[in-house]
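>>> task: produce atomic coordinates for the following.
(chains A and B)
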Amino acid sequence: GQQVMQIPQYQHVQEGEDFTTYCNSSTTLSNIQWYKQRPGGHPVFLIQLVKSGEVKKQKRLTFQFGEAKKNSSLHITATQTTDVGTYFCANPITGGGNKLTFGTGTQLKVEL
Amino acid sequence: EAQVTQNPRYLITVTGKKLTVTCSQNMNHEYMSWYRQDPGLGLRQIYYSMNVEVTDKGDVPEGYKVSRKEKRNFPLILESPSPNQTSLYFCASSGLAASKQYFGPGTRLTVT
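All right, here's what the predicted structure looks like:
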């Protein structure tokens, strides 16, 4: 079935360093969503990308959707301790009603 | 305040004892879902609903039941829980199919 692979699984960075997580699909995605889950919390929606090659920014976060709509990335510039958490991508299943598939997530730890 | 609520937040039970986890949303959303979250596996969709009395299977429906008798409520039923259903469960709702998910706070279930 339609699956999204997310890498890396874990990332430790020093505060101030950059961080990137990637989602890759073998099939074309209609759109891709990104979520953040703080430790002990629930996933919170960050953004949705729909257009081929789309780039969106939220302060230090930059989201990209690949030209072929098969991959996406989330880049955080100059990480802060508040960025700690797990970042998930998610994509709807084509023709799947309300079916949504999540990537396995990238757990980010930021050290001072 | 727009929110999704789940109860209970924590539950320890024994194999075979039927249980229900309630979920309610106050955003008048048509679409609701249940997910389970396990280490290394990310979020996996159990069941989803596209409206009252309309439900369908997600990726891991075995051992679970749902019902959608009212728009705001979407309970998850485990008729005969087993230890492999020990997990963190999230309910979510959205205004459009497979779009921005609003997650509840989660229910941590342990089956012994």
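
>>> which strands and helices sit next to the helix or strand hosting residue B:44?
Residue B:44 is part of strand B:42-51 when elements are defined by DSSP states H and E. Applying 3 or more Cβ pairs under 8 Å, 6 or more residues apart in numbering or on different chains; DSSP states H and E, one finds that strand B:42-51 makes contact with strand A:85-92, strand A:100-102, strand B:31-38, strand B:54-57, strand B:65-66. Backbone N, C-alpha and C define where each C-beta goes, glycine included.

>>> okay, now residue A:77: neighbour count?
Here the neighbour count serves as a burial measure; for residue A:77 (other Cβ atoms under 10 Å in any protein chain shown) it reads 14.

>>> pretty sure it is touching residue A:18, no?
Yes - assessed by Cβ atoms under 8 Å, residue A:77 is found in contact with residue A:18 at 5.5 Å.

>>> chain B contacts on chain A?
Residues of chain A that fall close to chain B, judged by Cβ under 8 Å from any Cβ of the partner chain: A:1, A:6, A:9, A:33, A:35, A:41-45, A:48, A:88, A:90, A:92-93, A:96-105.

>>> do a quick rundown of the strands in chain A.
Taking DSSP state E, the strands of chain A run over residues A:4-7, A:10-14, A:19-25, A:32-37, A:44-49, A:55-58, A:61-65, A:71-76, A:85-92, A:100-102, A:106-111.

>>> sorry, back to before: for PyMOL, write the selection for the buried entries among the residues of chain A next to chain B.
For anyone working in PyMOL, the buried entries among the residues of chain A next to chain B, judged by 16 or more other Cβ atoms under 10 Å in any protein chain shown, can be selected with:
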select buried, chain A and resi 6+33+35+42+43+45+48+88+90+92+93+96+97+98+99+100+101+102+103+104+105
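
>>> can I get the CA coordinates of stretch B:29-42 in PDB?
The C-alpha atoms that make up stretch B:29-42 are tabulated as PDB, following Å, rounded to 0.1, in the frame of the first residue of the first chain:
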ATOM      1  CA  HIS B  29     -16.400  18.100  12.400                       C
ATOM      2  CA  GLU B  30     -17.700  15.400  10.100                       C
ATOM      3  CA  TYR B  31     -14.500  13.400  10.100                       C
ATOM      4  CA  MET B  32     -13.100  11.500  13.000                       C
ATOM      5  CA  SER B  33     -10.400   8.900  13.500                       C
ATOM      6  CA  TRP B  34      -8.800   6.600  16.000                       C
ATOM      7  CA  TYR B  35      -5.000   6.000  16.000                       C
ATOM      8  CA  ARG B  36      -2.700   4.000  18.000                       C
ATOM      9  CA  GLN B  37       0.900   5.000  18.700                       C
ATOM     10  CA  ASP B  38       3.700   2.400  19.400                       C
ATOM     11  CA  PRO B  39       7.400   3.000  19.600                       C
ATOM     12  CA  GLY B  40       9.100   2.800  16.300                       C
ATOM     13  CA  LEU B  41       5.800   2.400  14.400                       C
ATOM     14  CA  GLY B  42       4.500   6.000  14.500                       C
END
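
>>> what residues of that stretch count as buried?
Within stretch B:29-42, the residues that qualify as buried are B:29-37, B:42, counting by 16+ other Cβ under 10 Å.

>>> and residue B:55, how many residues sit next to it?
When counting by other Cβ under 10 Å, one arrives at 22 neighbours for residue B:55.

>>> host element of residue B:89?
With DSSP H and E as the criterion, the answer for residue B:89 is strand B:87-94.
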